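# build me a model:
(one chain, ligands or ions: 2)
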Amino acid sequence: MSIDDVLHSAVPPQDRPVVLDEQGQREVRRAILAAIAVPGHQVPFGSREMPVARGWGSGGLQVTVAIGGSQDRIKVIDQGDDQGVNAVNLRRLIAGTLGAETTEDTRDCTITQSRHRIPEQAMTDEQVLVLQVPVSEPLRPVEKSIAACERMHAEADYSRIWVAMYEDLVTGGVVNASSGYPVLVNDRYLMAPSPIPRWDVPRLDQGDRLTILCHGRDKKVYAVPPHTSVRPITFDDVPFEVEYARDQRCIRCGSTDVYLVETREGTYLCSDVEWCARVRTGDVDVAEHERQIPRAYYPDPAKRVRGVGIRLQGRSALGHSEHTGRTAPGEEWALQVTDLVKVFPGRLGSSPVRAVTGVSFDVAPGEALGVIGESGSGKSTMMNCLIGNERATAGTVRLAAVDDGRTNVLDLDDAARRRLRLDVMSVVHQDPAAGLDLRISAGGNIADRLTAAGWRSFWDIRQRAAALLDRVEVPLHRMDDVVGQFSGGMRQRVQIARALATDPEVLLLDEPTTGLDASVAAGVLDLLRELIAEREIAVVVVSHDFQVIQALTDRALVMHRGAVIEQGLTDQLFADPHHAYTQRLVAAAHV
Ligand code: ADP
Ligand code: MG
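Residues are numbered from 1 along each chain as shown. Ligands and ions are numbered 1, 2, ... in the order given. The predicted structure is shown next:
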């Protein structure tokens with residue numbers, strides 16, 4: 001039996017082919033319920049492949065078939081057109097499968113399945129809009145790893161999207177996303193609303209209808225229930241815009257306040273074919289449609305980002321650290337480490353590596369503590385345990401800024417530790433590539449931290465980034481250049497600016513100048529010394545080089561095989577080292 005037999009349906013329901021079996025329908029319905037319960041959240045489901053080619057709307061088909069029945073009246077449109085090849089075939093397949101009627105009148109349908117448009121006719125709370133989705137993951141353009149995307153959704157960590165937007169504004173003055181503009185549902189989940197034009201995006205917000213979106217191959221469904229907040233992602237001071245061709249009208253019906261598409265001849269037509277036909281016969285509710293028009297988002301060149309030039313009022317533009325150094329009551333430290341231990345399991349039967357064997361120290365606000373030791377002595381491992389890149393085996397790490405120092409931050413989960421890295425504790429790595437995204441601009445790398453910490457004003461971010469870059473002596477005309485084009489010294493300066501962006505209480509420097517030429521390294525050391533002196537920040541500097549420790553710190557620990565073997569004032573350690581190992585390190589610095 002062919003599809004056509006079904007479609008010209010003299011065929012009784014029991015003899016119709018199964019597009020989606022009972023079990024599959026139940027799966028999809030269950031996922032839809034979960035999707036409605038958590039608006040915008042992508043819910044996976046199990047289902048067999050649909051009997052349609054890729055890109056033909058298999059996601060929409062699964063939803064429509066799963067929720068529909070013979071009592072329904074189905075409308076299917078493709079880019080607003082009921083007569084598109086895709087629309088006609090899907091409509092016949094759905095109608096035949098469900099034994100349902102079809103309609104081209106939005107007012108008359110119970111379900112509209114659509115690709116690339118929301119009908120101009122407002123849908124009611126008795127109707128369902130099903131949108132076919134070609135790309136379900138809104139983070140895909142900025143993150144290829146599925147696991148990383150899932151983590152970002154779980155933590156509502158969408159800073160990468162904000163950075164992409166910042167980069168668009170800096171390079172082109174406008175946000176590039178034209179269709180499928182990223183939105184935030186209920187102020188929680190980032191959603192790709194399928195490639196509907198921006199014109200339709202405001203109409204997702206607080207709509208009367210239930211909207212269900214589905215990606216067939218990914219087997220993901222998500223929903224916008226009636227009266228749900230859907231906001232396009234945009235900076236507070238950069239307005240979201242819909243497409244609107246001023247002075248243009250549909251050459252068929254004369255409409256102006258609808259989504260128009262340009263023809264090859266340069267004229268314009270309503271993209272919603274049903275609407276256009278009804279306007280011509282006078283069969284539209286003009287007042288109702290007026291409420292659907294996204295006039296508030298019509299492009300206004302006066303509000304655009306024009307010229308991203310920055311004027312600084314001298315060095316003072318950066319201001320000084322607003323932090324007063326929140327110390328714990330009765331305590332002096334900003335960071336306190338007690339009996340930190342890290343043991344790596346031995347590989348292939350070899351014995352475990354005891355990389356850190358019980359290190360204790362504290363650092364006060366405004367103080368810089370040095371940690372010196374030869375390569376392999378456990379310095380980086382200790383740093384990685386502090387910052388949370390490694391799980392410590394035992395010990396306590398307290399931050400005065402966290403719960404007044406009462407919490408052992410080693411007990412916090414990964415998400416909480418990542419948040420600490422946003423505003424409480426920063427790290428500057430030896431390798432700039434570990435602390436920067438080399439594919440985005442210097443300003444964008446700083447914007448990344450600021451947006452993650454909640455900054456939402458494009459101009460505030462831009463000013464702050466410029467002030468920081470100026471402070472670390474990166475020329476402002478390079479602010480919008482991709483960091484990958486920078487020299488090693490310049491990259492390290494950008495990394496330092498980024499680490500200081502949110503005024504952290506604690507700054508960790510892991511061999512900050514080791515990869516640099518001597519003269520470049522000297523410049524970066526001078527800069528670090530000034531920055532440490534001018535802020536109330538607790539700094540831990542790790543290096544194998546006594547000159548670096550001497551340049552930056554007052555007090556230092558000597559690490560050997562994971563343990564602290566000597567400590568004291570840096571100058572005294574340097575002038576009068578007791579331990580033979582320390583004497584060797586001092587001798588090396590004199591060479
Ligand atoms: P440093 O930074 O002082 O050069 P590291 O902290 O990098 O020292 O290394 C300390 C010790 O821990 C070394 O013996 C090193 O081989 C070992 N080590 C570091 N990372 C790992 C790991 N992921 N797995 C196993 N051993 C490691
Ligand atoms: Mg190291």
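# residues from the protein in reach of ligand 1?
With C-beta under 6 Å from any ligand atom as the criterion, the chain comes near ligand 1 at residues 344, 353, 355, 373, 375-381. In this view, the C-beta of every residue, glycine as well, is placed from N, C-alpha and C.
# which of those residues are buried?
Neighbour counting over these (16 or more other C-beta atoms under 10 Å) leaves 353, 355, 373, 377-381 as the buried ones.
# Serialize those to TSV and add fields for secondary structure and pLDDT.
What follows is those, written out as TSV (DSSP: H, G, I helix; E, B strand; the rest coil; pLDDT from 0 to 100):
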residue	secondary structure	pLDDT
V353	strand	94
A355	strand	97
G373	coil	96
S377	coil	97
G378	coil	97
K379	helix	96
S380	helix	95
T381	helix	96
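# farthest pair within these?
V353 and G373 (15.3 Å; C-beta to C-beta).
# so which bits of stretch 447-467 are buried?
Burial within stretch 447-467, assessed by neighbour count using 16+ other C-beta under 10 Å, is assigned to 447-452, 455, 458, 461-467.
# tell me the gap between it and the middle of its chain.
14 Å (C-alpha atoms, centre = their mean, to the nearest Å).
# pull the CA atoms of it into CSV?
What follows is the C-alpha trace of stretch 447-467 in CSV, where atoms were taken according to Å, rounded to 0.1, in the frame of the first residue of the first chain:
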residue,chain,number,x,y,z
ALA,A,447,33.7,40.5,28.2
ASP,A,448,33.6,36.7,28.7
ARG,A,449,34.3,37.1,32.4
LEU,A,450,32.2,40.2,32.9
THR,A,451,29.1,38.7,31.2
ALA,A,452,29.6,35.4,33.2
ALA,A,453,29.5,37.6,36.3
GLY,A,454,26.3,39.1,35.2
TRP,A,455,27.2,42.3,33.4
ARG,A,456,24.6,43.2,30.8
SER,A,457,25.4,46.6,29.5
PHE,A,458,27.5,46.6,26.3
TRP,A,459,28.9,50.0,27.0
ASP,A,460,29.8,49.3,30.6
ILE,A,461,31.6,46.1,29.5
ARG,A,462,33.4,47.9,26.7
GLN,A,463,34.5,50.7,29.0
ARG,A,464,35.7,48.3,31.7
ALA,A,465,37.5,46.1,29.1
ALA,A,466,39.2,49.2,27.7
ALA,A,467,40.3,50.5,31.1
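# list the contacts for the residue positioned nearest the centre of the chain?
Averaging the C-alpha coordinates of the chain gives a centre point, and the residue nearest to it by C-alpha atoms, centre = their mean is Y158 (2.5 Å). When contacts are counted by C-beta atoms under 8 Å, 6 or more residues apart in numbering, Y158 touches 139, 152, 184, 190, 233.
# just the pLDDT for it.
Among the per-residue scores, Y158 holds a pLDDT of 95.
# how about the helix or strand that A277 is a member of: buried residues?
Secondary structure assignment for A277, by DSSP states H and E: helix 273-280. With burial defined by 16+ other C-beta under 10 Å, the residues of helix 273-280 counted as buried are 273-279.
# tabulate those residues in JSON lines, adding columns for pLDDT.
Conversion of these to JSON lines gives the following (pLDDT from 0 to 100):
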{"residue": "V273", "pLDDT": "97"}
{"residue": "E274", "pLDDT": "97"}
{"residue": "W275", "pLDDT": "97"}
{"residue": "C276", "pLDDT": "98"}
{"residue": "A277", "pLDDT": "97"}
{"residue": "R278", "pLDDT": "98"}
{"residue": "V279", "pLDDT": "97"}
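# next, format the residues you listed as CSV and append distance to Y166.
Output for the buried residues of helix 273-280, formatted as CSV (distance: C-beta to C-beta, whole Å):
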residue, distance to Y166
V273, 38
E274, 40
W275, 37
C276, 39
A277, 43
R278, 43
V279, 41
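# which SSE is G568 in?
Using DSSP H and E, G568 falls within strand 563-569.
# for that strand, name the packing helices and strands.
Counting contacts by 3 or more C-beta pairs under 8 Å, 6 or more residues apart in numbering; DSSP states H and E, strand 563-569 is packed against strand 353-363, strand 555-560, helix 580-590.
# for the ones you listed, give me TSV that also has distance to L476.
Formatted as TSV, the helices and strands packed on strand 563-569 follow (distance: least, C-beta to C-beta, whole Å):
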stretch	distance to L476
strand 353-363	33
strand 555-560	36
helix 580-590	36
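# all strands for the stretch 251-400 of the chain, in order.
Taking DSSP state E, counting those that start in this stretch as the test, the strands found in the stretch 251-400 of the chain are 260-262, 268-270, 335-344, 353-363, 368-372, 394-399.
# out of those, the one nearest V539 is which?
Minimum separation from V539 across the strands of the stretch 251-400 of the chain (C-beta to C-beta) falls at strand 368-372, 4.0 Å.
# what's the angle from the closest one to helix 580-590?
100 degrees (axes from the mean of the first three to the mean of the last three C-alpha atoms, to 10 degrees).
# contact partners of strand 368-372?
Contacts made with strand 368-372 from outside it, assessed by C-beta under 8 Å, 6+ apart, are listed as 361, 363, 379, 382, 532, 538-546, 549-550, 552-559, 570, 585.
# ChimeraX command to pick out the buried ones of those?
In ChimeraX, the members of the contacts of strand 368-372 classed as buried (16+ other C-beta under 10 Å) are selected with the following command:
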select :361,363,379,382,532,538,539,540,541,542,543,544,545,546,549,550,552,553,555,556,557,558,559,570,585
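# report the buried residues of whichever strand or helix holds I94.
Assigned by DSSP H and E, I94 belongs to helix 85-98. Of the residues in helix 85-98, those with enough neighbours to count as buried (16+ other C-beta under 10 Å) are 86-87, 89-98.
# go on, stretch 43-50?
43, 45, 47, 50.
# go on, stretch 279-289?
By neighbour count with 16+ other C-beta under 10 Å, stretch 279-289 contains the buried residues 279, 284, 289.
# what pLDDT does the second one get?
On the pLDDT scale, V284 is placed at 96.
# who's in contact with it?
Contacts for V284 (C-beta under 8 Å, 6+ apart) come out as 121, 275, 278.
# for the second one, which residues are in contact?
Under the criterion of C-beta under 8 Å, 6+ apart, the contact partners of W275 comprise 80, 119-121, 255, 258, 284.
# swap the cut-off to 10 Å and go again
W275 makes contacts with 80, 106, 119-121, 250, 253, 255, 258-259, 283-284, 289, as judged by C-beta atoms under 10 Å, 6 or more residues apart in numbering.
# so which of those residues comes closest to ligand 1?
Lowest distance from ligand 1 to the contacts of W275 (C-beta to the nearest ligand atom) belongs to Y259, with 55.0 Å.
# ok, and the closest non-adjacent residue to the closest one?
Take Y259 and drop its neighbours on the chain: the residue closest to it by C-beta to C-beta, 6 or more residues apart in numbering is W199, 4.2 Å away.
# start and end of stretch 152-168, how far apart?
Across stretch 152-168, the straight-line distance between its terminal residues is 21 Å, by C-alpha to C-alpha, to the nearest Å.
# off-centre distance for that stretch?
The gap between where stretch 152-168 is centred and where its chain is centred comes out at 2 Å by C-alpha atoms, centre = their mean.
# what's the neighbour count on the closest residue in space to G55 that isn't next to it in sequence?
Leaving out its chain neighbours, the residue that sits closest to G55 by C-beta to C-beta, 6+ apart is P134, at 6.7 Å. P134: 18 surrounding residues under other C-beta atoms under 10 Å.
# then the one 3 residues further on?
Per other C-beta under 10 Å, the neighbour tally for E137 reads 19.
# for I196, same thing?
By other C-beta under 10 Å, 22 other residues sit near I196.
# my guess is it contacts V224, does it?
No - counting by C-beta atoms under 10 Å, no contact exists between I196 and V224, whose distance comes to 11.8 Å.
# out of the buried residues of stretch 43-50, which is nearest to G484?
Within the buried residues of stretch 43-50, proximity to G484 (C-beta to C-beta) peaks at V43, which comes in at 38.0 Å.
# distance check, R209 against Q127.
Using C-beta to C-beta, to the nearest Å, R209 is found at 5 Å from Q127.
# for the stretch 351-500 of the chain, what are the low-confidence residue spans?
Low-confidence segments of the stretch 351-500 of the chain (pLDDT under 70): none present.
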